[in-house]
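>>> kindly generate the corresponding structure for this input.
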Amino acid sequence: EDREPATFTVSALSPASRAVTQGTTVEVTATITNVGERDGTQQVRLDVGDSEVDSRSLSLASAESESVTLTVDTSSLTPGAYTHRIATVNDAENGTLTVERAGSPRFTVSALTPATTTVQQGAAIDVTATITNEGETAGSQQVRLVVDGTEADSESVSLAPGGDTVVEFDAIDTGCQRHG
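Prediction:
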């Protein structure tokens, strides 16, 4: 009896299109179906651009389907658009993976206390502020307190993405007038 050999098709690629930050691990899923009349085993692979980045062996009975998830670590990919593909010996389904450059730290200042004040010349004041890293990567930055255009004090702050801290500048000699 002549039966058709195992033939593995690929469908339901997910994600079909995705943009990620460089360094992100992306899971790519597809449904693999054996449309042949015989049981079979094939290698299922994930290609990004011209490179195979993950694979696994899959055995399916005739008419059987299985969802397969393969992964790609985008750390070594340069920013840009890539074709990603889950493929078997018989079939493939393509999508687009866009790798964006990892962001940089972005520090913001809030809750500056006092925000504006007038004091007697030579009087000391305490100043506090909340520093938040709204960027996508950790970083360090020098936070400076400027009084009348002159740096009165500074402090180095290191924060994880989304992290915040309160900086305190104590007993600042104002010389005169305003700070901000």
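>>> with adjacent residues omitted, what lies nearest to residue 41?
Among residues not flanking residue 41 along the chain, residue 59 sits closest, at 4.3 Å (Cβ to Cβ, 6 or more residues apart in numbering). C-beta: built from backbone N, CA, C; applies to glycine.
>>> per-residue confidence for the one you found?
Looking at residue 59, its pLDDT is 98.
>>> what about residue 138, how many residues nearby?
For residue 138, the neighbour count with other Cβ atoms under 10 Å is 13.
>>> what element comes up after the helix or strand harbouring the residue nearest to residue 41 heading to the C-terminus?
Assigned by DSSP states H and E, residue 59 falls within strand 51-60. Scanning forward in sequence from strand 51-60 by DSSP H and E, the next helix or strand is strand 65-73.
>>> report the buried residues of that following strand.
Applying a neighbour-count criterion of 16 or more other Cβ atoms under 10 Å, one finds 68, 70, 72 buried in strand 65-73.
>>> what's the angle between it and strand 51-60?
Computed by axes from the mean of the first three to the mean of the last three Cα atoms, to 10 degrees, the angle separating strand 65-73 from strand 51-60 equals 160 degrees.
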